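Asks: Here is a sequence together with a model predicted from it:
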Amino acid sequence: MQTIIFLGSNKSGSSRDAIRAASDMGYFTVLLTDRRKWIKQREEFPDVHQMVLMDRLLDKEKIFRQLSKINNQGKQIKAFVSFIDPFVSLAAEISKELGLQEVSVAALFKMEDKTRFRDELQNNPVTPHFSICLLDKDENELFTEHVKKLPAILKSPVSNGSKDVIKVNSKEEFTEAVHHFRNQLGQDPLLIEEFISGPQYLIEVLVHNSNTTIVAIIEQEISSMNRFIITGYHMPARLSKHARETLNESIGQVMKDIGLSHGTCHLEMRWTEGEWKLIEINPRISGSAINQMILESTGISLVKETLKLHLGEKPDLTPSKVEYVSAEFITVETQGRLVKVTGKNKAKKIDGVKMVYVKPRKGSVLTPPLSMGDRYAYVLASSSDPLKAKEIAKRAAGEIKFYIEPL
């Protein structure tokens, strides 16, 4: 029985899309997970043919014990992959040790930590000014030594989804942020970067045998500039010829410098004063609705083509269509317990709406957004006209209402 094993997954989004894709491709799917409640919700995972509960997904020894059991069940492991942090490079390393298709393990490892990829790309022109420091000095010393210009961005090296990313506009805000990070990081380093202005784009990249393909360029709409919560995505992004040409050059050089010759990643970049600056890079497709957006816009299932890359097959990244697609995400303004959600069916009936997703269940505690995980619903809409796609997504999102009981 030909089997693909997934190390971790979210309940929805690109990582779950990958499991569904593997099942649709005819593979037996095994999910190694540390989410205990999913065992009780087992009927909600029909695409997961076998679910294995583990207490630690970063423990290689325990993973290999599970793999031995799976082999003894007569299952032939064809790929061992992960689509979520912080397991991507570990899955690639295990895949190599199993004698499966090799991907660029070292490059994926560098991308999993912001200090590692900043160091690796420090001489690349896309890299903004940055500094890495330990929080073993007082705030005045840290500010004088590491902040060249305000505003500045403070980040945890292993944050994802805009978690633990704070913009500071003054010395007082810097001091508050350092106190926050002392509690979060302990002895771990803090990353301080210059703030880059300009429109921001998500770029999805697949590299097959050193051939780099930009699969998608998606414009991002940021609603909170202090926490960088992205509530709108628009694809394909409309760029000038010059911006697109320089983006291709920049991405090619980044892949070369970081050593990604076989694998996937996504980058967040800003177009500022006629040049590209790298904000983030991560060793996987972006999560949430991004795979579905790319599919609706181009006909390409990026998670499926990523699986083919891990299976030693040649990915097919030829678009079968061109549609404008917008995704609108919904957050809440107050904290409380969810009583009910209305408007989902009404939103679905709007012409052009492709998907409506609501994440929390009744009784969940909702909070104003501090990270991308605090986005509680989204609408996906498409049209042959970019402004129409955006208008449909916003109108449909406006139909969805969260009723919250204060705590």
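Replies: Yep, it's here. These numbers were taken from a predicted model, which means no experiment stands behind them.
Asks: Return the per-residue confidence for the residue lying closest to Gln122 once chain neighbours are set aside.
Replies: Nearest residue to Gln122, sequence neighbours excluded (CB to CB, 6 or more residues apart in numbering): Phe130, at 7.8 Å. Every residue, glycine included, has its C-beta placed from N, CA and C. Model confidence at Phe130, given as pLDDT, is 95.
Asks: Verify the stated contact: Phe130 with Arg118.
Replies: Yes - here Phe130 lies in contact with Arg118, judged by CB atoms under 8 Å, at a distance of 5.2 Å.
Asks: what's near enough to touch Arg36?
Replies: Leu53 (CB atoms under 8 Å, 6 or more residues apart in numbering).
Asks: quick one: it and Asn291, what's the gap?
Replies: 26 Å (CB to CB, to the nearest Å).
Asks: for Phe45, same thing?
Replies: When Phe45 is compared with Asn291 (using CB to CB), they lie 18 Å apart.
Asks: Between these two, which has more neighbouring residues?
Replies: Shown here are Phe45 and Asn291; by other CB atoms under 10 Å, Asn291 has more neighbours (28 against 19).
Asks: Tell me the secondary structure of the more buried one, please.
Replies: Under the three-state scheme (DSSP: H, G, I helix; E, B strand; the rest coil), Asn291 adopts helix.
Asks: List the buried residues of the host helix or strand of Tyr403.
Replies: Using DSSP states H and E, Tyr403 sits in strand 401-405. For strand 401-405, the neighbour count (16 or more other CB atoms under 10 Å) marks Phe402, Ile404 as buried.
Asks: So what are the sheet partners of it and their directions?
Replies: Strand 401-405 has the following strand partners under DSSP bridges: strand 336-342 (antiparallel).
Asks: For the partner strand, which outside residues touch it?
Replies: Contacts of strand 336-342 (CB under 8 Å, 6+ apart): 358, 360-366, 377, 400-407.
Asks: swap in stretch 13-29?
Replies: 1-6, 8-10, 31, 47-50, 75, 78, 81-84, 284-292, 301-304, 306-307.
Asks: Any regions of the stretch 51-200 of the chain where pLDDT drops low?
Replies: Within the stretch 51-200 of the chain, the segments meeting pLDDT under 70 span 161-162.
Asks: Now do the strands in it.
Replies: Applying DSSP state E, counting those that start in this stretch to the stretch 51-200 of the chain gives strands spanning 76-81, 130-133, 152-155, 165-168, 190-194, 200-208.
Asks: Same list (those strands) but as CSV, adding distance to Gly252 and mean neighbour count.
Replies: Formatted as CSV, the strands of the stretch 51-200 of the chain follow (distance: least, CB to CB, whole Å; neighbours: other CB atoms under 10 Å):
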stretch, distance to Gly252, mean neighbour count
strand 76-81, 25, 21
strand 130-133, 22, 17
strand 152-155, 26, 21
strand 165-168, 27, 21
strand 190-194, 23, 21
strand 200-208, 10, 22
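Asks: so can I have JSON lines of those showing distance to Tyr27?
Replies: Shown next, in JSON lines, are the strands of the stretch 51-200 of the chain (distance: least, CB to CB, whole Å):
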{"stretch": "strand 76-81", "distance to Tyr27": "7"}
{"stretch": "strand 130-133", "distance to Tyr27": "41"}
{"stretch": "strand 152-155", "distance to Tyr27": "37"}
{"stretch": "strand 165-168", "distance to Tyr27": "36"}
{"stretch": "strand 190-194", "distance to Tyr27": "39"}
{"stretch": "strand 200-208", "distance to Tyr27": "20"}
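Asks: list residues touching both of Phe130 and Arg118?
Replies: Common neighbours of Phe130 and Arg118 (CB under 8 Å, 6+ apart) are Leu191, Glu193.
Asks: What separation is there between Leu202 and Ile192?
Replies: For Leu202, the distance to Ile192 - CB to CB - is 23 Å.
Asks: Then Val158?
Replies: 15 Å.
Asks: do the same with Glu296
Replies: In terms of CB to CB, Glu296 sits 38 Å off from Ile192.
Asks: Quick check, Thr120 in contact with Lys110.
Replies: Not quite, residue 120 is Glu, not Thr. Yes - with contact defined as CB under 8 Å, Glu120 counts as touching Lys110 (5.2 Å).
Asks: Who has more neighbours out of these two?
Replies: Legend: neighbour count by other CB under 10 Å for Glu120 and Lys110, higher for Lys110 (24 against 19).
Asks: which residues does the closest residue to the more buried one other than its chain neighbours contact?
Replies: If you skip the residues right next to it in sequence, Lys110 has Arg116 as its closest partner in space, 4.5 Å away by CB to CB, 6+ apart. By CB under 8 Å, 6+ apart, Arg116 lies in contact with Phe109, Lys110, Pro157.
Asks: ok, back up a step: which of the contacts of stretch 13-29 are buried?
Replies: Members of the contacts of stretch 13-29 classed as buried by 16+ other CB under 10 Å are 3-6, 8-9, 31, 48-49, 75, 78, 81-84, 284-292, 301-304, 306-307.
Asks: measure the residue sitting nearest the centre point of the chain to Leu32 for me?
Replies: For the chain, Ser286 is the residue whose C-alpha lies nearest the centre (CA atoms, centre = their mean; 3.1 Å). From Ser286 across to Leu32, the span is 22 Å (CB to CB).
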